[in-house]
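Visitor: model this:
(chains A and B)
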Amino acid sequence: MGDWGGYLSLILQGALVTAKLTVMGCALALVVAFIAGLGRVSRFAAIRWLATAYIEFFRGTSIFVQLFWVYFVLPFAGVTLEPLQAGIMALGLNVGAYAAEVVRGAILSVPRDQYEACIAVNLTRFQRMRHVIFPQALPLMLPTFGNNAIELLKGTAVVSLISLHDMTFQAQVVRAQTGSTLIPFATILVLYFLMALALSRAIRMIETRITRGLDGVR
Amino acid sequence: MTDPIIRIDNLVKSFGTFKVLDGLSFDVMPGEKLALIGPSGSGKTTILRILMTLESISDGHIEICGDQLYHMRRNGREVPADEAHLHKMRSHIGMVFQHFNLFPHKSVLENITLAPILTKGTPRAKAEARAMELLEMVGLADKADARPAQLSGGQKQRVAIARALALQPRIMLFDEVTSALDPELVEEVLLVMKRLAAETDMTMLLVTHEMGFAHEFADRVLFFDKGRIVEQGPPEQIFSNPREERTQSFLRKIIAAGHRV
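Guide: Alright, predicted model coming up:
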């Protein structure tokens, strides 16, 4: 007891792991979301089907179970992952499934007359998406992406179950050693909140940058 | 005798059980200015949309610049056109829409240069020089860097005309291009189109409710009703001496509604 400096640095180490999981999980989620979201609006039935299967599976089962599969079951298939890798993968694939639906919804909400204008100026399917549809869909995705990123941050706490020393795990350690619940958990409460705040600020900044000059478009 | 640039043969278009176009046939000669008039729901806009491949056909044939639009030959057999064939055919045709359909995230200049750069591989500098010429022609050279949202309806439509012209199509389709405009903005768009008709040998098809403009603009007027051509001829004949009862009653209604003829 009394060594609060040491306990704090323990929690800060955990915060670093949580931040890593969040940033890398978000990066993976983003990539997966674009692939699966675009897959959902593909003209090829097989691709649509694959994307739908992925999305429904990861939205329909719990992140907890997914994490256990990635970490404890995949090794039987010959794929062994570090705890951090497993955590990033489970979080990224899980949140990516939700974000994929955001991508799909945003793309479908670009008005039909934009597609028609593209056909009239003879753009190919790829050019239509790349230069006209996607740039207009992107600003619509961002606010919900912000939600998804914060969900992912809060979801990182489950990784303590595969012995990753994230912020929640470290708070448990401190609690076990000091017998105090209030202090460690109040600390991580504030830290989670600050991280979420930073995330939503970052998204807001990207939003203003991307939508600059687009005001009054719709 | 030159060949028609557009040949429509026995065209049928159904939406569900409703036949919008019912065995329609007509030819358009190169350079001809055609006005398509008729009550709403008569199928005139559908014809333009079919020519721009925005709508599929139910039956019949369309030939554009000597090639089938919706069919192609494979192993000596006629099969439905694929996307590559449609892409090739679309390069002959440009379209201006009722609601402009400009790209809101691009500047006026980019709206015009996007397609030439992407589809024709025109170098950017050349595409921009050409776009500036076109903007000059439609009187909007000072708006090159503006966004569509900053323009009035009439200005948007003039940009849309420049965008379509940038690809140098042989056939231009105008779909009720003044219908969405405030009355005081109609004139500026019509002026541009008049110049275009006078100065180019482009083939133009115009769907319009502006009978006065159709009269001035067109070499030939086609009056549609229920997916068929009821009457066609030079504007003097259609507007001053319509033979068919349906044409007469349509024009009477239009005049009663305050349109000039």
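
Visitor: after the top helix by length along chain B comes which helix or strand?
Guide: Across chain B, the longest stretch assigned as helix under DSSP state H is helix B:183-199. Sequence order places strand B:203-207 as the next helix or strand after helix B:183-199, per DSSP states H and E.

Visitor: tell me if that next one is near chain A.
Guide: No: using CB under 8 Å from any CB of the partner chain, strand B:203-207 stays clear of chain A, coming no nearer than 13.5 Å. For glycine as for every other residue, the C-beta is placed from the backbone atoms N, C-alpha and C.

Visitor: repeat for stretch B:75-88
Guide: Yes: judged by CB under 8 Å from any CB, stretch B:75-88 comes into contact with chain A at B:83, B:87.

Visitor: buried stuff in that stretch?
Guide: Buried positions in stretch B:75-88, judged by neighbour count with 16 or more other CB atoms under 10 Å in any protein chain shown: B:81, B:85, B:86, B:87.

Visitor: which stretches of the chain have low pLDDT?
Guide: In the absence of a named chain, this looks at chain A. The model of chain A has pLDDT under 70 over residues A:1-2, A:213-218.

Visitor: not quite, go with chain B.
Guide: B:1, B:258-261.

Visitor: could you pull out the strands in it for me?
Guide: B:6-15, B:18-28, B:33-37, B:59-64, B:67-68, B:71-74, B:77-80, B:93-96, B:171-175, B:203-207, B:220-225, B:228-233 (DSSP state E).

Visitor: hmm, who's touching the longest helix of chain B?
Guide: B:33, B:137-139, B:152-154, B:157-158, B:161, B:165, B:172, B:174, B:177-178, B:181, B:202, B:204, B:206, B:210, B:213, B:216-217 (CB atoms under 8 Å, 6 or more residues apart in numbering or on different chains).

Visitor: please indicate which of those residues are buried?
Guide: Taking 16+ other CB under 10 Å as the criterion, what is buried in these is B:33, B:137-138, B:153-154, B:157-158, B:161, B:165, B:172, B:174, B:177-178, B:181, B:202, B:204, B:206, B:210, B:213, B:217.

Visitor: just checking, what's the longest helix in chain A?
Guide: helix A:4-40.

Visitor: elements contacting the helix or strand immediately after that helix in the chain?
Guide: Counting by DSSP H and E, the next helix or strand C-terminal to helix A:4-40 is helix A:45-60. Contacts defined by 3 or more CB pairs under 8 Å, 6 or more residues apart in numbering or on different chains; DSSP states H and E place helix A:45-60 against helix A:4-40, helix A:83-108.

Visitor: deepest of the ones you listed, which one?
Guide: helix A:83-108 (a mean of 22; mean count of other CB atoms under 10 Å in any protein chain shown).

Visitor: okay, the angle between that one and helix A:45-60?
Guide: Inter-element angle recorded for helix A:83-108 and helix A:45-60: 120 degrees (by axes from the mean of the first three to the mean of the last three CA atoms, to 10 degrees).

Visitor: who are the packing partners of the next helix or strand after helix A:83-108?
Guide: The helix or strand immediately downstream of helix A:83-108 is helix A:112-120, counting by DSSP H and E. Applying 3+ CB pairs under 8 Å, 6+ apart, we find helix A:112-120 packed against strand B:93-96.

Visitor: contact partners of the strand it packs on?
Guide: For strand B:93-96, contacts defined as CB under 8 Å, 6+ apart pick out A:120-121, B:48, B:51-52, B:64, B:157, B:160-161, B:164-165, B:167, B:169-175, B:177.

Visitor: off-centre distance for the longest helix of chain A?
Guide: 8 Å (CA atoms, centre = their mean, to the nearest Å).

Visitor: that one vs helix A:83-108, what angle?
Guide: Put simply, helix A:4-40 runs at 40 degrees to helix A:83-108, going by the same axes, to 10 degrees.

Visitor: all set, thanks.
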